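Chemist: sequence plus the predicted model coming up.
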Amino acid sequence: MKNFLTLLTGAALLAATPALAQDTAPTVEAKVGMKVVGPNGADVGTVDFVDAGVVVVDTGKNKAALAPDAFAKEDNGLSIMMTKVDLDAAVEKAAADAKAKLLASLTPGTEVKSVTGAAVIGTIKESDAKFVTVEHNGQPVQLPVAAFMTNADGVAISMTEEQFEAALAGTQ
């Protein structure tokens, strides 16, 4: 879930801050451990992870997933067009927006699917800021809000159908 949120946050960050893209600059090769600085040369963080067109920068407070073309090559690492304070603020706003969207979607009657979207787990019976009760095969199952996510198909839990059934079997 945290990795999904990091990627979701990064996608929202990129959509919300088009100034990060450097259209004329070639894509640089980012490597784990590289130093990242802002436009004023001050430290922003380090490259934590690189994969599939995403570079994750760890600021020490947050992790932001950015596109490789958001970076320029510097003598001692990479640079981006945001300060550490601005990047942290953008990540935190994107996370808060994603959480608000999720909480707004956890309404009674909403169908809940597995993480793959292949199976319907049940429908939401009730929810509050901490827990969601899903009716599954006629039985109420209470899960923490952190177990849920929104996706293109609506609401899903962070488990496959098999994982969900195994977890239920372990608690009964």
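Modeler: Received the coordinates, thanks.
Chemist: pretty sure Gly45 sits in a helix.
Modeler: No. Counting by DSSP: H, G, I helix; E, B strand; the rest coil, Gly45 is not part of a helix but strand.
Chemist: lowest-pLDDT helix or strand in this structure?
Modeler: Least confident helix or strand, the chain: helix 2-16 with a mean of 45, by mean pLDDT, DSSP states H and E.
Chemist: and the next helix or strand after that one, how far out from the chain middle?
Modeler: Next helix or strand after helix 2-16 toward the C-terminus (DSSP states H and E): strand 35-37. How far strand 35-37 lies from its chain's middle: 22 Å, per CA atoms, centre = their mean, to the nearest Å.
Chemist: so which bits of strand 35-37 are buried?
Modeler: Residues of strand 35-37 classed as buried under the neighbour-count rule (16 or more other CB atoms under 10 Å) are Val36, Val37. Heads up, the C-betas are built off the backbone N, CA and C, glycines and all.
Chemist: same for it, what does it pack against?
Modeler: Contacting strand 35-37 under the criterion 3 or more CB pairs under 8 Å, 6 or more residues apart in numbering; DSSP states H and E are the following elements: strand 43-51, strand 77-79.
Chemist: ok, it: who's next to it in the sheet?
Modeler: Using DSSP bridges, strand 35-37 pairs in its sheet with strand 43-51 (antiparallel), strand 77-79 (parallel).
Chemist: show residues contacting that strand.
Modeler: With CB atoms under 8 Å, 6 or more residues apart in numbering as the test, strand 35-37 has contacts from 43-47, 57, 71, 74, 76-80.
Chemist: could you rerun that using 10 Å?
Modeler: Residues outside strand 35-37 that contact it (CB atoms under 10 Å, 6 or more residues apart in numbering): 30, 43-48, 55, 57-59, 64, 66, 70-72, 74, 76-80, 82-84, 87.
Chemist: quick one: low-confidence parts of the chain?
Modeler: Along the chain, segments meeting pLDDT under 70 span 1-27, 171-172.
Chemist: tell me the buried residues in stretch 151-160?
Modeler: Val155, Ala156, Ile157, Ser158, Met159.
Chemist: got phi/psi on the closest residue to Pro39 other than its chain neighbours?
Modeler: In this structure, Pro39 finds its nearest non-sequential neighbour in Met81, 5.5 Å apart by CB to CB, 6 or more residues apart in numbering. Phi and psi for Met81, reported as degrees, to the nearest 10, are phi -90, psi 30.
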